[in-house]
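# Kindly return the folded structure for what I paste below:
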Amino acid sequence: MGGAQSGAGTKAKVPVERLRLDGETPRLLDRARHATDESIIARLYSAGLDELLQAISTNGYLDIEPLVAMGAADSDELTVLEGNRRLAALRLLREPELVNRIASSEKLRIAVPDVKESLRDTLDQVTVHRVASREDARAFIGFKHINGAAKWNAYAKARFVADWYQGGEVSIERIANAVGDRHGTVSRMVSAIYVLEQAIREGLFDIEDRYTPIFNFSHLLAALSRSQYVEYLGLGRPWPPDEPRPDPVPIERLECLRKVLLWIYGSTQDRVPPAVRTMNPDIKRLGEVLPHAGARELLAAGYDLHQAHAATEPIDRRFVASLLRARNAIGDAAGSLRTYDGQDESLLDITEDVRETSDAVYRNMLKKRRRAAVRT
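The predicted structure follows:
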């Protein structure tokens, strides 16, 4: 494969300068924005590229597993379908000017370790297995990163199987068999990608506007596995469908989709933190909030998920639970009283408020108890 005439299915050494990064790799969150090598490498850097840089700089490039690349027979350039992190690391180690371009365009300064001169020649060529198309590489790449030894995160897995399915020439069943997963799991991933794509296309959500640094796609996957979200978004039954289709959320429920994604991921631009902090139990709690208009209004007004969820409980149950929590809390305070040194008068004011509130609750409960006794 040293020349451009090497055919598909061959495996040979290829100069690194002939290899191109794949702008469609499933590792990229918003691929439309990452058209340049600089932006692709910046996003790959968050996927543990620093550790790979250190390993290669220390040991040289260990050419054990071939990269998988695609290219026309008459082209000197090959697009790497499998091994983009390795290619990114090699390019950073070989091209100092690339590091500066990334710092300028992506506002990311990547620390690239020095490579011993005796190891530099290991960076020049790598073994590449060439394929004619993406389709020819999908089964191998999918199994390796979905159920194999080098698993992707939830978003990359879902993005990969959705891309495969969207090609229109393969069924969910075939994809599931190829990657070693269940039909329902693959259908759920593809369906969730369709929901996310619809939200982005309609301007309801921007992945880059999420409140937290990490995009927890698994939160959306978990949400769409619960009946409350399915019903709130009008997704219909069965869910997930055997054969997913684009734009699954009805037009009249798009505002509901915007709210769900805001509550799950928040918004940096609007300075709205997510209501969901951890997948368990917050995704479950948010799901239990969705059927209750009053509880949803509390969330929209800025109350936290715990407060909104409390509004879904029957009033009598909330009252009993509140009394028990209050008793436990004041018991904890009594157990820690020895730590109070008498210096902070504001703590006395707080205690006075507690006493007055407790007395008021007790008096009102006593009145109601007496009235109830008279009626019986």
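
# Now name the helix or strand holding residue 348.
helix 345-375 (DSSP states H and E).

# what about that helix, distance to the chain center?
Relative to its chain's centre, helix 345-375 lies at 47 Å (C-alpha atoms, centre = their mean, to the nearest Å).

# what mean pLDDT does that helix have?
Mean per-residue pLDDT for helix 345-375: 86.

# Same check on stretch 41-55?
So the average pLDDT for stretch 41-55 ends up being 86.

# Quick one: end-to-end distance for that stretch.
17 Å (C-alpha to C-alpha, to the nearest Å).

# mind listing what's buried in that stretch?
Along stretch 41-55, these residues count as buried under the neighbour rule (16 or more other C-beta atoms under 10 Å): 41-45, 47, 49, 52-53. Every C-beta, even on glycine, is put in place using the N, C-alpha and C of the backbone.

# Among those residues, which one lies nearest to residue 12?
Taking C-beta to C-beta as the measure, residue 12 lies nearest residue 52 of the buried residues of stretch 41-55, at 23.1 Å.

# What helices and strands are in contact with whatever helix or strand residue 56 lives in?
Per DSSP H and E: residue 56 is located in helix 49-59. On a contact count with 3 or more C-beta pairs under 8 Å, 6 or more residues apart in numbering; DSSP states H and E, helix 49-59 meets helix 84-94.

# send the alpha carbons of the helix it packs on over as CSV?
Taking Å, rounded to 0.1, in the frame of the first residue of the first chain, the C-alpha atoms of helix 84-94 are listed here in CSV:
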residue,chain,number,x,y,z
ASN,A,84,-8.4,8.9,14.7
ARG,A,85,-7.1,9.4,18.2
ARG,A,86,-3.8,7.7,17.2
LEU,A,87,-3.6,9.8,14.0
ALA,A,88,-4.3,13.0,16.0
ALA,A,89,-1.5,12.1,18.5
LEU,A,90,1.0,11.3,15.7
ARG,A,91,0.2,14.6,14.0
LEU,A,92,0.6,16.6,17.2
LEU,A,93,4.0,15.0,17.8
ARG,A,94,5.1,15.6,14.2
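
# quick one, that helix and helix 49-59 angle?
Helix 84-94 runs at 60 degrees relative to helix 49-59, counting by axes from the mean of the first three to the mean of the last three C-alpha atoms, to 10 degrees.

# buried set for helix 84-94?
Residues of helix 84-94 classed as buried: 84-93 (neighbour count, 16+ other C-beta under 10 Å).
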